[in-house]
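Student: Got a sequence here, can you model it:
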Amino acid sequence: MNNCPILQSPNDPRQYQYLTLPNGLRVLLVQQNDSEKSAAALTVNVGHFDDPHDREGLAHFLEHMLFLGSKQYPTAGDYQHFISHHGGSHNAWTGTEHSSFYFDIDAAFFAPALSRFADMFIQPLFSHDYVEKERHAIEAEFSLKLKDDGRRIYQVHKESINPAHPFAKFSVGNLETLADNSQSTLQQALQTFFTEQYSANRMTLTLVSAQPLAELAALAEQHFAALSAHLPAKAALSTPLYLPEHQAVQLNIQPHRNSRKLVVSFALPDIQRWYRHKLISFIAHLLGDEGDGSLLCYLKKQGLVNQLSAGGGIDGSNYKDFTVAFELTDQGLQQRDTILRALFSAIALLKQQPLPQQLFAERQKLLQWAYLYQEPATALQTANHLSVSLQHYPAHDVIFGDYRMELPDVQLYQQILGYFNSHNMRLMLIAPDVYTDRQARWYHTPYSITTLPAQLLTELAQQTPIDAIALPKANPYLQGDISLLTPDAHQTEPQLLYQDPGLSLWYKADTEFASPKGHCFVQLNLPHSVACCVNMAAIRLWVELFMDNVNQQFYPATTVGLVYQVHVQHQGISLHTSGLCNNQLQLLADLLNQMPTQQFSAERFEELKTQLYRHWQNSSKNKPIARLFSQLSALLQPHNPEIEQLADELAQLSFTDFIQFHRHLLQQVHIEALLLGNWHQEQAQRLQQLLQGWQTTLVSTATRPAIKSLTIRDLGPVWLQQPVEHNDNALVIYLPANAATVENTALFMLANHLISPEYFHQLRTEQQLGYLVGTGYVPLNMLPGVAFYVQSPNTDCNTLYEATVMFFRAFLADTAALTSTEFMELKQGLLAQLQERDNSLGARAKRFWLAIGQQDSRFDLTQRIIVALQQLELDQFVQFLHQLLRPDYDAIFLATAAPGPHSHLQQKTAAALRQQLLQMQIGFDSSYKVL
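Tutor: Here you go, the predicted structure:
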C-alpha cells in the first residue's frame, strides 16, 4: 500500500486516506464522523466504448448481470434484499468509458455488505437462466426509451460521426444485439468480456464511514485484495471523433415532442488536461450570459429565441463538443442565419480582446468560496462522486480538482477560442417539419444531413463584434464580506417570530453546517389563482411571463449562486431564494416589488402561451407510468387539474382576459414565510418589515386558507383507464390509509420497506414483466399510502394485474414465517433511514418548510413516527398487511387499458370518479368564478 496527501478545504471535517492495494486497485478512504450510514462505490474504466462490434450493449448487460449472484452469494436478489432490509440503497450506471456501482447501508452492516459487493467483481456467476431473463430486461429498457428524444437525437449524432470511433456504437443493447451467435453464446461472451475488461488496476474504490481510517483500510484489504489484476492499463483513445467530412454540416432532426431548437457545436480535443484553469466553463459563462447586453438579450429583443444554454455537449477522453443551444420561436426558426451571425459576433468579441481578468477573478472567487464552504453530502453521494473523480484527477486533486481555477496564459485562452470557427462547426436543427430523407437505426428518428454552404461559412468567419452584444458587467451581487454566525446562535427548530391574521414568519438560525448560506421561503396564498380551472391555467402562465420579464435583471444574482424560484404551489405562488446571505433579502424584496407593477406585452404573452401549451401537449408523450401518477395526483388534489384541462383552458385565454386576471391576482393575500440558515435575528426582523411593507401596497390581505383534500375512503376498489401515446402497457395500484395518523404512517412506511425489494425481484427479475417495476411510499393530501407500479412493452395490463394479485397472495402466505428477529431487523432498517440527520442546509430548510405547510408547528412528526414504529408489534403488522392487500381494499387501479373480468372492481372514468369525490367532500367549495 502507498499513501498520497489529499488537498482538502480547511472547513472540511472529514479525514481522507489514499492508498493503492498490491493488485493495483486505487482506494480512497473517507472518515465522516457524523454519518449514520456507510457507503461504497467502485468505478471501472470500462464502458460501452469497449463493447465488441458483434455484441453492442454488452458492457451495459454486464452491469445488470453482476447483481444476479456470485460464488459466495449465489442467490439472485440477495444483495439487493440485504441492502434494502438494512436501511440502504444501491444503483449502478454504464457510460461511454466508465461504469460505476454504489450502495449505502446502516453502518452496523457495512462489512457484510462489502463482502457481497466485492464478490460481484471477484467471482460473478453469470447464471445461464438469468442471462436469458436479463436479456428481456435490457429489451424492456430499450423499448421504454424508443420515443425519448434524448436517445433519438443521440442516435442521429452517432450515425453522423467517424464510424471508426467507439462513440458510434449502440450503447444500450437489445434482444437483437445480445444474442447467441456462431462464435459464442451470450453467456460465454459475457464471461470473456468480463475477463478481458475488468481488472483491479482499472478500478477506483471509495469507502465512506464513521469508522476510523485504519479500520476502513483493513476492510478494503480484506474484501478487495482478491480482485484480479491481470490486465494492463487501457490504451489511450486516438481515433478522431470527426473526420473533415463530418464538420460544417447541418443535421435536420424531427423530434417526437413538439419542440424547436438550434444546436451549434464546436469540436474540441480532450479538455481534461486543462482542468486547472476551468476555461471551458468560463467561456460557457461568457457566451451563456443572460443579463443586459448578452447574446440572449439581443436575440430575445428580436423575437428569435426564448432560451439559450452554452457549454454542454458530449465529452470523453479524446473529444469534447462545446454546444450553444437555442430554443427557437417560430420567427427564429425562419431566421436561423441571423442567430448564427449574432453568435459569431459574440465569439469575435471574445477573440478580439485579452482574457477578461476581472470576470475571471469573479469566477475564481466563487469557486474559492464553494471550496471553503462545500455543501455537505451524504455518504453515498461522497462515495460515488469521489470514486469517479479518482478516474479523472490525480489523487492529490481528487477533491480540489473541481474547484481549482488558475489564471491561464494568453496563448492557451486564444488557442481554445480558435476552435470556435465556422469550419469546425456542426448544426442540429430540431423541429417537427424539417426536411428528412432517412431514419436512424434502433430509434427510427427521421433526419437528414446537408453540407453547409461555403458562402455562409465565410460570412460567419468574417463576423465582427456588434455594439448590442457586450461582455457581462461587474457583478453587483458579489459585494460584501462573508461571515458566519457563532455556534451559540444555533436554534434547534424554527421559532414563530411574528404572526398576525395576514402574515406568519418563522425564523431559525442554523450554524451546524458552517455555511454562509441561507434559505428564504415565502408562500403567497392567492384565492383568485385557484378560483376555477381557467385561473389555475392563467397563474401558471403568469409565473412563466413573470420569470421571463425579470430574468435579465436578476441573472447576475444566479451567476453567484443566488438562486430564486417562483412556482405555483397549493393555493398560490411560492418564492424560494437560496445561496449566500449577502444581498439575498434585497433580491427577495426586488422580486416582490416587481409583482404588482408587471407590464406584460401581448407579443411575449402569445409566445410563452404557445410554449406552455406545447409543453402541456408534450406531457401526453411522457412514459405511461409518469402519466398514471400524474392522473392520480390530479384526481385527489383539488387545485391540481389534469394537464389536458389546463391546456384546453389556456388555449381559450385571451390577452385581455389575462390582464384582467393579473389585476385581481394580488387580492386577499395571506403570507407564510420561513428564514433559515446563516441569518441574524436582525435580518429576520428586516424580512418582517419588508413583507409588512409590501402588504401595505396591496388591495387586501386575508387569513390562511384551510387545507382541502379528497379521499376515496369507502369507495371500494376502482379501475381507471388512461389512454397514452406509447406502446408500453402500465399499471399503478394506489392503496391509501383511511386516516392520517402517526400509527398509519409507520405501518405504511414499514409495509413499503418490506414489500419493495420482493415485488421488484418477483415481477422484474424472475418474471421479467417489465423494466420499470417497484413500489413507493406515496403520501397524498397528508394521507399515508403505498403505490405499486409496473410498465411493460409486451405484457397486457390484465396480466400485470393478475401477476400483482398472485404476488399479494404469495407474499401474505410468507408473512406467516416472519420471525420476531426478522421483524426487529426490518424495523431497524427503516428506523436507520428515519433517524438520518439532515445532510445539508437545503434538506433541512425543505423539511421544516414542508412541516409548516402541513401545519406541524411542533416539528416532531418524524420523531412521533419513530416512536410508533418502535412500539409496533409483529402480529399487529401482519394483521395490517392482510387488511391492506385484501381484494376489496379501497384502492385505485390506474391502467393504460380496460380491466379484465374482475367483478369486484368498479370501472369509472377519471371525471366521474372526481365528481363523486367532490360530492363526498364535506365543505369543499366547487363553485366556479369568472376571471
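Student: contacts, neighbours, all on C-alpha from now
Tutor: OK.
Student: where in the chain is pLDDT low?
Tutor: 1-3, 903, 921-931 (pLDDT under 70).
Student: In space, not sequence, find me the middle residue of it.
Tutor: Centroid check for the chain by C-alpha atoms, centre = their mean gives residue 381 as the closest residue, at 13.6 Å.
Student: Where does that one sit, in terms of helix or strand?
Tutor: helix 379-389 (DSSP states H and E).
Student: tell me how far that helix is from the chain's mean position?
Tutor: 17 Å (C-alpha atoms, centre = their mean, to the nearest Å).
Student: Give me the contacts around it.
Tutor: 28, 32, 35, 37-43, 100-104, 204-209, 398-399 (C-alpha atoms under 8 Å, 6 or more residues apart in numbering).
Student: Off-centre distance for the helix or strand just after that helix?
Tutor: Sequence-wise, the next helix or strand downstream of helix 379-389 (DSSP H and E) is helix 410-418. Relative to the mean C-alpha coordinate of its chain, helix 410-418 is positioned 34 Å out (C-alpha atoms, centre = their mean).
Student: what's the one helix or strand residue 522 maps to packed up against?
Tutor: Residue 522 is part of strand 517-525 when elements are defined by DSSP H and E. Counting by 3 or more C-alpha pairs under 8 Å, 6 or more residues apart in numbering; DSSP states H and E, the packing neighbours recorded for strand 517-525 are strand 572-580, strand 670-677, helix 841-853.
Student: Mind doing that once more with 7 Å?
Tutor: strand 572-580, strand 670-677 (3 or more C-alpha pairs under 7 Å, 6 or more residues apart in numbering; DSSP states H and E).
Student: tell me the phi and psi of the nearest residue to residue 151 once chain neighbours are set aside?
Tutor: Among residues not flanking residue 151 along the chain, residue 145 sits closest, at 6.8 Å (C-alpha to C-alpha, 6 or more residues apart in numbering). The phi and psi torsions at residue 145 (degrees, to the nearest 10) take the values phi -100, psi 10.
Student: and residue 450, how many residues sit next to it?
Tutor: Each residue near residue 450 was counted by other C-alpha atoms under 10 Å, and the total is 11.
Student: Surely it is in a strand?
Tutor: Yes: looking at residue 450 with DSSP: H, G, I helix; E, B strand; the rest coil, it is inside a strand.
Student: what residues are up against it?
Tutor: Neighbouring residues of residue 450 by C-alpha atoms under 7 Å, 6 or more residues apart in numbering: 249-251.
Student: Next step: those residues restricted to helices.
Tutor: Secondary structure from DSSP state H places none of these in helices.
Student: May I see those residues arranged in CSV, with neighbour count and distance to residue 605 as well?
Tutor: CSV is the format used below for the contacts of residue 450 (neighbours: other C-alpha atoms under 10 Å; distance: C-alpha to C-alpha, whole Å):
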residue, neighbour count, distance to residue 605
249, 19, 35
250, 20, 32
251, 25, 31
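Student: got these as CSV, with distance to residue 354 columns?
Tutor: Listed next are those as CSV, based on distance: C-alpha to C-alpha, whole Å:
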residue, distance to residue 354
249, 31
250, 32
251, 34
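Student: Which of those sits closest to residue 864?
Tutor: Sorting the contacts of residue 450 by distance to residue 864 puts residue 251 at the head of the list, at 58.2 Å, by C-alpha to C-alpha.
Student: Could you look up the SS state of the spatially closest residue to residue 254 that is not a sequence neighbour?
Tutor: Spatial nearest neighbour of residue 254, excluding adjacent residues (C-alpha to C-alpha, 6+ apart): residue 432 at 5.0 Å. Of the three states, residue 432 takes coil under three-state DSSP.
Student: Would you indicate which residues of stretch 5-22 are buried?
Tutor: 6, 8-9, 15-21 (16 or more other C-alpha atoms under 10 Å).
Student: one step back: and the residue nearest to residue 254, how far is that from residue 333?
Tutor: Applying C-alpha to C-alpha, to the nearest Å, the value for residue 432 to residue 333 is 11 Å.
Student: Compare those two (neighbour count), which wins?
Tutor: Taking other C-alpha under 10 Å, residue 432 and residue 333 do not tie; residue 333 has more neighbours (19 against 16).
Student: tell me which strands and helices the helix or strand hosting that one is in contact with?
Tutor: Assigned by DSSP H and E, residue 333 belongs to helix 330-334. Packed against helix 330-334 by the contact rule (3+ C-alpha pairs under 7 Å, 6+ apart) you find no helix or strand.
Student: Buried ones in it, by neighbour count?
Tutor: Quick answer for helix 330-334 (16+ other C-alpha under 10 Å): 332-333.
Student: again with stretch 870-890
Tutor: Those would be 872, 874, 877-878, 881-882, 884-885, 889-890, for stretch 870-890 by 16+ other C-alpha under 10 Å.
Student: Distance to residue 521 added to these, as a markdown table?
Tutor: Listed next are the buried residues of stretch 870-890 as a markdown table, based on distance: C-alpha to C-alpha, whole Å:
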| residue | distance to residue 521 |
| --- | --- |
| 872 | 36 |
| 874 | 42 |
| 877 | 39 |
| 878 | 42 |
| 881 | 39 |
| 882 | 42 |
| 884 | 38 |
| 885 | 40 |
| 889 | 39 |
| 890 | 36 |
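Student: Throw those residues into JSON lines and include distance to residue 363 and secondary structure, thanks.
Tutor: As requested, the buried residues of stretch 870-890 are exported to JSON lines (distance: C-alpha to C-alpha, whole Å; DSSP: H, G, I helix; E, B strand; the rest coil):
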{"residue": "872", "distance to residue 363": "54", "secondary structure": "coil"}
{"residue": "874", "distance to residue 363": "57", "secondary structure": "helix"}
{"residue": "877", "distance to residue 363": "55", "secondary structure": "helix"}
{"residue": "878", "distance to residue 363": "58", "secondary structure": "helix"}
{"residue": "881", "distance to residue 363": "56", "secondary structure": "helix"}
{"residue": "882", "distance to residue 363": "59", "secondary structure": "helix"}
{"residue": "884", "distance to residue 363": "55", "secondary structure": "helix"}
{"residue": "885", "distance to residue 363": "56", "secondary structure": "coil"}
{"residue": "889", "distance to residue 363": "58", "secondary structure": "coil"}
{"residue": "890", "distance to residue 363": "56", "secondary structure": "coil"}
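Student: Look up how far residue 570 lies from the residue nearest to the centre of the chain.
Tutor: According to C-alpha to C-alpha, residue 381 stands 31 Å off from residue 570.
Student: same thing with residue 708?
Tutor: Distance of residue 708 to residue 570, computed by C-alpha to C-alpha: 10 Å.
Student: And for residue 549?
Tutor: Distance from residue 549 to residue 570, by C-alpha to C-alpha: 24 Å.
Student: could you give the angle of the helix of greatest length in the chain to strand 572-580?
Tutor: Criterion DSSP H: the longest helix present in the chain is helix 533-559. On the basis of axes from the mean of the first three to the mean of the last three C-alpha atoms, to 10 degrees, helix 533-559 is oriented at 10 degrees to strand 572-580.
Student: Stretch 847-859: how far from the chain's middle?
Tutor: On C-alpha atoms, centre = their mean, the centre of stretch 847-859 falls 24 Å from the chain's centre.
Student: buried stuff in it?
Tutor: Buried, per 16+ other C-alpha under 10 Å, within stretch 847-859: 848-849, 851-852, 859.
Student: Throw these into TSV and include distance to residue 290, thanks.
Tutor: Shown next, in TSV, are the buried residues of stretch 847-859 (distance: C-alpha to C-alpha, whole Å):
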residue	distance to residue 290
848	33
849	30
851	35
852	35
859	40
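Student: wait, which of those is closest to residue 769?
Tutor: Once C-alpha to C-alpha is applied, the member of the buried residues of stretch 847-859 that ends up nearest residue 769 is residue 851, at 38.5 Å.
Student: Next one: the closest residue to the closest one other than its chain neighbours relative to residue 742, how far apart?
Tutor: Leaving out its chain neighbours, the residue that sits closest to residue 851 by C-alpha to C-alpha, 6+ apart is residue 859, at 6.3 Å. Computed as C-alpha to C-alpha, the residue 859 to residue 742 distance reads 13 Å.
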